[in-house]
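Engineer: could you work out the structure for the sequence below:
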Amino acid sequence: MDYHEAADVLTGLQQRRPKLGVETTTRMLAHLDDPHASIDCVQIAGSNGKGSTARMLEQILDDAGLRVGLFTSPGLNGFREQIRVEGRTIAKQHVSKYVERLNPCLETLRADNDEPTHFEALTAVSLAHFEAMDVDIAILEVGIGGRYDATSAVDPIASAVTSVSLEHTELLGETVDVIARDKAQVAPKEAPLITGTTGDALAAIREETDVITVGGGSGMEVEMEIITLRRIL
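Structural biologist: Next up, the predicted model:
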């Protein structure tokens with residue numbers, strides 16, 4: 001499979017579908033021999049600031065001498081820029097290799113009326129790439145919400161929710177506290193969730209998990225979130 005064929009496979013997948021949950025992503029990862037099982041992952045969720053937070057964390061961990069994988073969304077100039085290792089975009093030949101491996105699973109999922117979205121498939125490709133590139137840590141920017149996002153197929157060692165506001169209410173809920181509870185599901189099992197939320201959102205998240213609260217929205221405060229996360233790592 002050449003790159004253009006692989007790209008067509010990925011871009012030809014649906015953008016959204018009514019089914020919620022990580023089961024489909026988990027099936028793709030299993031087909032790829034569970035690459036996420038050997039990777040330390042950090043999830044970054046939030047209504048605003050998650051992309052910049054993920055990139056700042058990438059820089060801090062890189063400065064600390066770690067080999068860092070970064071998965072972000074959306075890609076402004078194509079999906080390849082969403083998957084990076086040590087700042088370098090995934091190579092075309094790697095996209096071809098992973099999609100060729102994944103394609104039989106995509107066919108099976110279609111036959112089961114369970115075709116994944118583009119984002120779900122790209123999440124699986126990113127984790128396969130991070131394993132192959134032997135990263136020390138992978139930073140995953142959550143797509144939408146937290147509970148049912150494809151990135152939640154991993155078991156993170158640390159997570160953050162940068163902020164919560166009304167967004168994607170048809171999927172996440174119609175109030176800030178309901179949306180906050182959804183995003184709080186990215187919390188690691190054995191560590192507190194880092195959050196810069198306040199008010200009803202913070203109260204709702206505290207009902208779901210232990211938290212470390214930092215910041216409040218400014219650039220300096222977001223940087224404090226990153227420093228706090230780095231200490232946990």
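Engineer: drop to CA atoms for contacts and neighbour counts, all remaining ones
Structural biologist: Will do.
Engineer: show me the contacts for residue 81.
Structural biologist: 75, 89-90 (Cα atoms under 8 Å, 6 or more residues apart in numbering).
Engineer: which of the residues you listed fall within strands?
Structural biologist: Judged by DSSP state E, those include residue 89 as members of strands.
Engineer: got TSV for the contacts of residue 81, with neighbour count too?
Structural biologist: Formatted as TSV, the contacts of residue 81 follow (neighbours: other Cα atoms under 10 Å):
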residue	neighbour count
75	12
89	15
90	18
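Engineer: which of the contacts of residue 81 lies closest to residue 31?
Structural biologist: Checking the contacts of residue 81 against residue 31 by Cα to Cα gives residue 90 as the nearest, at 20.5 Å.
Engineer: can I assume the closest one is in contact with residue 79?
Structural biologist: No. Applying Cα atoms under 8 Å as the test, residue 90 and residue 79 come out as separate, 9.4 Å apart.
Engineer: may I see the contacts of residue 81 arranged in CSV, with pLDDT and distance to residue 176 as well?
Structural biologist: Listed next are the contacts of residue 81 as CSV, based on pLDDT from 0 to 100; distance: Cα to Cα, whole Å:
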residue, pLDDT, distance to residue 176
75, 75, 27
89, 97, 35
90, 98, 36
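Engineer: ends of stretch 185-193, what's the gap?
Structural biologist: 9 Å (Cα to Cα, to the nearest Å).
Engineer: and for stretch 80-97?
Structural biologist: 14 Å.
Engineer: picking that back up, ok, the contacts of residue 81 vs residue 140, which is closest?
Structural biologist: For these, the nearest to residue 140 is residue 75 (13.7 Å; Cα to Cα).
Engineer: residues in contact with that closest one?
Structural biologist: 81-82.
Engineer: and what of residue 38?
Structural biologist: Counting by Cα under 8 Å, 6+ apart, residue 38 touches residue 131.
Engineer: any idea how far residue 190 is from residue 164?
Structural biologist: Taking Cα to Cα, one finds residue 190 at 23 Å from residue 164.
Engineer: these two - which one has more neighbours?
Structural biologist: residue 164 (25 against 10; other Cα atoms under 10 Å).
Engineer: quick check on the more buried one: phi, psi?
Structural biologist: phi -140, psi 130 (degrees, to the nearest 10).
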